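1. Let's see this in three dimensions:
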Amino acid sequence: MKIYISGPMSGLPDFNRPEFNVARTLLKLDGHSVLSPAILPDGFEQREYMDICIAMVRCVDCVYMLKGWEKSAGARAEHALAEKLNLKIIYQEKSDGHN
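-> Below is the predicted model:
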């Protein structure tokens, strides 16, 4: 399955990359193809990151929501898009990453 990882980044140490990377590793170990905004380089504006991330969401079958996603405007937008596109949504707080 192709999965996009969504979650809070702005304002967190190292943009929360460690949490994204752990989820990415676990999902890859389960055999999934994983897209993650945590691999994007620094230096872009928020609107540019969102443009890239929305394109990523449109390419997947499923969105994996990290804990705390509700506090992130970007993650909420990605969640809404996933719902609109009728994608499967998995919530980290309801799973251990092995789906």
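
2. For the protein, which segments count as helices?
-> 17-29, 46-58, 73-84 (DSSP state H).

3. Include distance to Lys94 when you put the ones you listed into JSON lines, please.
-> To be clear about C-beta, it is placed using only N, CA and C from the backbone, and glycine gets the same treatment. Converted to JSON lines, the helices of the chain look like this (distance: least, C-beta to C-beta, whole Å):
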{"stretch": "helix 17-29", "distance to Lys94": "13"}
{"stretch": "helix 46-58", "distance to Lys94": "20"}
{"stretch": "helix 73-84", "distance to Lys94": "14"}
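
4. Of those, which is nearest Tyr4?
-> Taking C-beta to C-beta as the criterion, Tyr4 comes closest to helix 46-58 out of the helices of the chain, the separation being 5.2 Å.

5. contacts for the closest one?
-> By C-beta atoms under 8 Å, 6 or more residues apart in numbering, the surrounding residues in contact with helix 46-58 are 4, 6, 10, 35, 37, 40, 44, 63, 74, 77-78, 81-82, 85, 87.

6. that older thread, tell me which of the helices of the chain sits nearest to Lys67.
-> Closest among those, using C-beta to C-beta: helix 17-29, at 7.8 Å.

7. What average pLDDT does that closest one get?
-> Averaged over helix 17-29, pLDDT sits at 98.

8. What is it packed up against?
-> strand 2-6, strand 33-35 (3 or more C-beta pairs under 8 Å, 6 or more residues apart in numbering; DSSP states H and E).

9. Could you check the angle it makes with strand 2-6?
-> Following axes from the mean of the first three to the mean of the last three C-alpha atoms, to 10 degrees, one obtains 160 degrees for the angle between helix 17-29 and strand 2-6.

10. distance between helix 17-29 and the chain's centre?
-> 10 Å (C-alpha atoms, centre = their mean, to the nearest Å).

11. Show me what counts as buried in that helix.
-> Of the residues in helix 17-29, those buried under the neighbour-count criterion (16 or more other C-beta atoms under 10 Å) are Arg17, Glu19, Phe20, Ala23, Arg24, Leu26, Leu27.
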